[in-house]
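# Sequence below, structure please.
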Amino acid sequence: MKLKPISCMMAALSSAFLAFGLYHVHSFSGVTEGGVLGMTLLLEHWLKISPAVSGFIMNALCYAMGWKLLGREFIGYSALASLGFSAAYKVFEQFPPLWPQLAEMPLAASVLGAVFVGVGAGVCVRVGGATGGDDALAMCVSHVTHWDIQWVYLLSDFSVLALSVSYIPLRRIGWSVLTVVLSGQIIGLIQKIELPRERTA
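Next up, the predicted model:
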């Protein structure tokens, strides 16, 4: 396994960018995402399964699938991204939110949250890693089906959000749908951007 330094740096920084957005936007605005996060909340509500348990199991399964289909480098970049996300989120938690007013501005929260999620996850996926189980699953499905990755994200997120209507008010789901659509499109656009290549000796 040979990891590229510039890709390692981008995986760590992009996951920190994602952590910044999740802490300062999503955790205080009431606007959520689909995927694994949404599914853990659904299971907690209906089956009383802690997200700490369900999230760990689902992320582990997605990473295992990613390792089998995408190789050891995928695990290396994903490990760096996961460490970068956790370390950055822990730092951000030590400070008050920058934009607490977003709780009363769901449209702004939806758009701003989509930018952080789309760019953060998109760059990490672009270099071959995953910030979470959602990204690993999307990469695997895209790899097998050859669908554009933004449509894979959209399908999985919409499936979870549709199930979440069973316990979350439809109005709140609407703002989350907007975030899901925008972030998925941003991720798709980033996959088409050429990243700088490292020089070879």
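# Just the pLDDT for the residue lying closest to W99 once chain neighbours are set aside.
Once flanking residues are discounted, W99 sits nearest to H24: 6.1 Å by C-beta to C-beta, 6 or more residues apart in numbering. All C-beta spots, glycine's among them, are computed from the backbone N, C-alpha and C. Note on H24: pLDDT of 88.
# residue closest to the middle of the chain?
Closest residue to the average C-alpha location of the chain: A121 at 5.1 Å, with C-alpha atoms, centre = their mean.
# Name the residues of the one helix or strand that residue maps to that come out as buried.
Remark: A121 resides in helix 106-126, with elements defined by DSSP states H and E. Of the residues in helix 106-126, 106, 109-126 count as buried by neighbour count, 16 or more other C-beta atoms under 10 Å.
# just how off-centre is the helix or strand bottoming out on mean pLDDT in the chain within its chain?
Lowest mean confidence among the helices and strands of the chain (mean pLDDT, DSSP states H and E): helix 27-29, at a mean of 73. Relative to its chain's centre, helix 27-29 lies at 16 Å (C-alpha atoms, centre = their mean, to the nearest Å).
# any idea which helix or strand comes after that helix?
Toward the C-terminus, helix 27-29 is succeeded by helix 35-47 as the next helix or strand (DSSP H and E).
# helices or strands up against that following helix?
Applying 3 or more C-beta pairs under 8 Å, 6 or more residues apart in numbering; DSSP states H and E, we find helix 35-47 packed against helix 51-70, helix 133-145, helix 149-164.
# quick check: angle from that helix to helix 133-145?
Relative orientation of helix 35-47 versus helix 133-145 (axes from the mean of the first three to the mean of the last three C-alpha atoms, to 10 degrees): 120 degrees.
# quick one: average pLDDT of helix 35-47?
82.
# Give me the buried positions along it.
G35, V36, L37, G38, M39, T40, L41, L42, L43, E44.
# Repeat that for stretch 151-171.
Result for stretch 151-171 [16+ other C-beta under 10 Å]: buried residues W151, V152, Y153, L154, S156, D157, V160, L161, S164, I168.
# quick one: which of those is nearest S176?
S176 lies nearest to L161 out of the buried residues of stretch 151-171, by C-beta to C-beta, at 6.0 Å.
# and that closest one, what does it touch?
Contact analysis of L161 by C-beta atoms under 8 Å, 6 or more residues apart in numbering lists G34, G38, I173, S176, V177, V180.
# Among these, list the two that are farthest apart in space.
Spanning the widest gap among these are G38 and V177, at 11.2 Å by C-beta to C-beta.
# measure the nearest residue to H143 once chain neighbours are set aside to G34 for me?
Nearest non-adjacent residue to H143, counting by C-beta to C-beta, 6+ apart: L69, 5.6 Å away. As for L69, its distance to G34 is 22 Å (criterion: C-beta to C-beta, to the nearest Å).
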